[in-house]
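>>> Model the structure of this input:
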Amino acid sequence: MKPLIALVFAALSSSSALACQTPTPESLRAAWITWRAAALKDEPGASARLYKFPFLLLSAYQGDRPLRVTKAGFNDNYLDLFGAELQFRQELQQTTDSEHIGKIDFDEKACKLKFPVRVHDTNFTYDQKAGWLVQSIYMPGAYSIFNKGDTEGIR
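Sure, this is the predicted structure:
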């Protein structure tokens, strides 16, 4: 009976080691294209699944603290974050599907990214179950709207 239990544990441990997927530049490019298309639409529900919540809203200036955006804050303030009049949205419309993909520094032993990967003004992280998710975005226009900290879900 003991050899059978050892065999089961060995099989489980080897299958969990095989479960670690190393992200590729191609998968990140596909995530970028999907996220970009969703961000250019005025449908928060369609793009919320592409974020790691809370995600960080970053200023253009070093030293400014990031703002944490909860899923509720994202949904409630989507047009103020991604509205057509914001400079971020206008700049995003100028992008293509061939932006530079930053270096993917993946730790295979820990089965996670060492650092987020930047595409345009968007930092992606990788989740083994969900795939590539937006972790933070440089959005100076939206940052200036919400940096007072008086908006529920964005602080």
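>>> So what would you say the end-to-end distance of stretch 110-129 is?
Stretch 110-129 has an end-to-end distance of 15 Å (criterion: Cα to Cα, to the nearest Å).
>>> what about that stretch, average pLDDT?
Averaging pLDDT along stretch 110-129 yields 96.
>>> mind listing what's buried in that stretch?
Of all the residues in stretch 110-129, those buried under the rule 16 or more other Cβ atoms under 10 Å are Leu113, Pro116, Val117, Arg118, Val119, His120, Asp121, Thr122, Asn123, Phe124, Thr125, Tyr126. Every residue, glycine included, has its C-beta placed from N, CA and C.
>>> And stretch 23-30, by the same measure?
Buried residues in stretch 23-30, counted by 16+ other Cβ under 10 Å: Pro23, Leu28, Arg29.
>>> so which of the residues you listed would you say is closest to Ile145?
For these, the residue nearest Ile145 by Cβ to Cβ is Leu28; the value is 28.8 Å.
>>> will you turn the buried residues of stretch 23-30 into CSV that also has secondary structure?
Shown next, in CSV, are these (DSSP: H, G, I helix; E, B strand; the rest coil):
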residue, secondary structure
Pro23, coil
Leu28, helix
Arg29, helix
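>>> Redo these as JSON lines? Include pLDDT.
As requested, the buried residues of stretch 23-30 are exported to JSON lines (pLDDT from 0 to 100):
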{"residue": "Pro23", "pLDDT": "97"}
{"residue": "Leu28", "pLDDT": "97"}
{"residue": "Arg29", "pLDDT": "96"}
